[in-house]
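>>> Build the 3D model from these lines:
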Amino acid sequence: MAVPTVMNEDHFRVMSEICANLCRDANARAIYVIDKNGQLIATAGESERFDSTALASLVAGEMAATGGLAKLIGEEDFNVLFHEGVRDHVHISLVANRVILVVIFDNRSSLGLVRLRVKKVSAELREIFERMLHESELPGANPVFSEITEQDIDSLFE
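Residues are numbered from 1 along each chain as shown. Prediction:
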């Protein structure tokens, strides 16, 4: 199980910039970063054209199902999925075994270009999540949570 981490504003800003750059460099329509539970983390491009909540949930479910299929045939996991449509295509990849990177693109781009750009961005995202994990392990890293007592939590349920 992954150690929970807290994303601060700087992490989010950098992640959003990476997504925007990927969208531009891959000539993609939309970029999504989703956690493995189906929660949307960051987007770029024409992401408002799609139902982001449904997309995030479906992609997370698809990655979980594909993981089961991989194990069934003796693979540890399938880290990349690709769906080719008539107009639009979807490239899905697991990054650092923590988040799912989704690239929606059309015929203005190519699978080769998307794969090349995703490989570079995956390394950048991996670094961000490693930094977040490291920072969350530092003493006093989560001051907001350290101020909450059991009594505070109990009072919520009274």
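>>> Below-threshold pLDDT in the chain: ranges please.
1-6, 138-150, 152-155, 158 (pLDDT under 70).
>>> repeat that for 80
Scanning the chain for pLDDT under 80 picks out 1-7, 135-158.
>>> Buried ones in stretch 50-70, by neighbour count?
By 16 or more other Cβ atoms under 10 Å, the buried positions in stretch 50-70 come out as 50, 55-57, 59-60, 63, 66-67. Bear in mind the C-beta positions are built from the backbone N, C-alpha and C, glycine included.
>>> so where do the helices sit in the protein?
Ranges of helices within the chain are 9-25, 52-72, 111-137, 143-146, 150-156, based on DSSP state H.
>>> Those: which one's closest to Val99?
helix 111-137 (6.7 Å; Cβ to Cβ).
>>> What are the buried residues along that closest one?
114, 117-118, 121-122, 125, 128-129, 132, 135.
>>> As a markdown table, those residues with distance to Ala20 would be great.
Shown next, in a markdown table, are those (distance: Cβ to Cβ, whole Å):
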| residue | distance to Ala20 |
| --- | --- |
| Val114 | 15 |
| Arg117 | 12 |
| Val118 | 15 |
| Val121 | 11 |
| Ser122 | 16 |
| Leu125 | 13 |
| Ile128 | 14 |
| Phe129 | 18 |
| Met132 | 19 |
| Glu135 | 23 |
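>>> now for the residues you listed, which pair is the farthest apart?
Val114 and Glu135 (30.6 Å).
>>> Need the phi and psi values for the closest residue to Leu94 other than its chain neighbours.
Nearest residue to Leu94 in three dimensions, chain neighbours excluded: Asn79, at 4.7 Å (Cβ to Cβ, 6 or more residues apart in numbering). Main-chain torsions, Asn79, degrees, to the nearest 10: phi -90, psi -10.
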